[in-house]
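> Make a model of this:
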Amino acid sequence: MSDWLLNLPVLWMAVVVFAATYLLTAVVYWVVTRLAVDDRARAFKAVSPGMLPPLGILFALLIGFIAVEVWNNYDKAKAAVATEASALRAVVVLAGTFPEEQKARIYALINRHIEAAVNEGWPAMAQHRLTLSTLPTALIEELHDTLTLKPADDSQKIAQSEMLRALEKALDARRQRIVVSESTVGRVKWAGILLMGLCTLVAIAMVHSDNRFSCAIAMTLFATGMALSLLLIAAYSRPFTGEISVRPDLLKQVITSGRPSSNP
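Purely as a prediction, here's the structure:
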């Protein structure tokens with residue numbers, strides 16, 4: 001599926017998908033009805049209507065398997081962002097046990113990491129350009145600083161240990177969202193859906209070729225369901241691309257609450 005289509009607003013994506021599906025349906029209807037004359041008409045009518053349920057079931061199964069994969073990836077992306085934001089928020093809260101200078105540096109590094117993720121990471125993930133080789137320098141710097149902290153009392157010692165766990169959790173969640181951002185519905189899967197849909201449309205047209213009105217109704221109903229299925233898969237096929245995508249809003253909330261001037 002082309003990037004320009006996946007980046008369209010859902011309304012315009014729906015217009016394109018439905019228009020293309022109805023156009024394909026009209027072409028199939030026109031070709032089959034034009035061919036349905038004389039011997040070919042008898043041959044078309046000889047096609048058993050019993051073929052339609054198996055074709056419909058195969059199409060539904062194909063759509064179902066791909067849709068489950070797409071929505072699972074979308075849920076994983078949401079969970080990764082939520083986990084990263086929660087872990088960073090925990091670091092911000094735990095930083096309150098340290099002196100003002102150390103606390104301010106922790107806030108600054110967390111803010112820098114989130115700002116880089118929002119301004120650079122999200123556009124790169126949307127275009128499949130962000131990889132695990134790109135290191136989160138601010139978060140790694142914060143991890144090193146936390147390791148070198150010298151706790152003054154037991155509370156700071158416990159806070160240091162919890163901060164290390166939270167930072168490791170945030171790094172792992174970042175890795176997860178990058179991995180999920182590379183997921184997409186491949187060309188072979190799209191080709192499989194379209195070919196299965198085309199076969200079903202042709203079968204419907206052949207079975208109803210002797211009654212053009214009923215043929216048009218049956219094909220339009222199937223084409224509508226097919227277009228809706230394609231739209232849903234396309235809209236969610238890339239978790240960080242398009243209008244329906246995972247946003248960095250939770251991370252932004254950590255930036256707001258993590259400023260030195262606010263109460264952590």
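> what separates residue 122 from residue 81, distance-wise?
10 Å (CB to CB, to the nearest Å). (Glycine included, C-beta is placed from N, CA and C.)
> shared neighbours of those two, anything?
residue 248 (CB atoms under 8 Å, 6 or more residues apart in numbering).
> Quick check on the two: which one has the bigger neighbour count.
residue 81 (25 against 20; other CB atoms under 10 Å).
> right, and that one touches residue 246 too?
Yes. Contact criterion CB atoms under 8 Å: residue 81 and residue 246 qualify, at 5.7 Å.
> Need the residues touching each of these two.
With CB under 8 Å, 6+ apart as the test, residue 81 and residue 246 both reach residue 177.
> what residues are up against the nearest residue to residue 16 once chain neighbours are set aside?
Counting by CB to CB, 6 or more residues apart in numbering, residue 16 lies nearest to residue 5, which is 6.1 Å off, once chain neighbours are set aside. Going by CB under 8 Å, 6+ apart, residue 5 touches 13, 16, 17, 234.
> okay, these in JSON lines with neighbour count, secondary structure and distance to residue 202 next?
Putting the contacts of residue 5 into JSON lines (neighbours: other CB atoms under 10 Å; DSSP: H, G, I helix; E, B strand; the rest coil; distance: CB to CB, whole Å) gives the following:
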{"residue": "13", "neighbour count": "21", "secondary structure": "helix", "distance to residue 202": "26"}
{"residue": "16", "neighbour count": "16", "secondary structure": "helix", "distance to residue 202": "23"}
{"residue": "17", "neighbour count": "23", "secondary structure": "helix", "distance to residue 202": "20"}
{"residue": "234", "neighbour count": "24", "secondary structure": "helix", "distance to residue 202": "23"}
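> Model confidence for residue 257, exactly?
If you check residue 257, the pLDDT there is 49.
> From residue 14, how far out is the residue nearest to residue 16?
Counting by CB to CB, the gap from residue 5 to residue 14 is 11 Å.
> Same check on residue 69?
22 Å.
> Those two - which one has more neighbours?
Taking other CB under 10 Å, residue 69 and residue 14 do not tie; residue 14 has more neighbours (18 against 15).
> Thanks a lot, see you next time.
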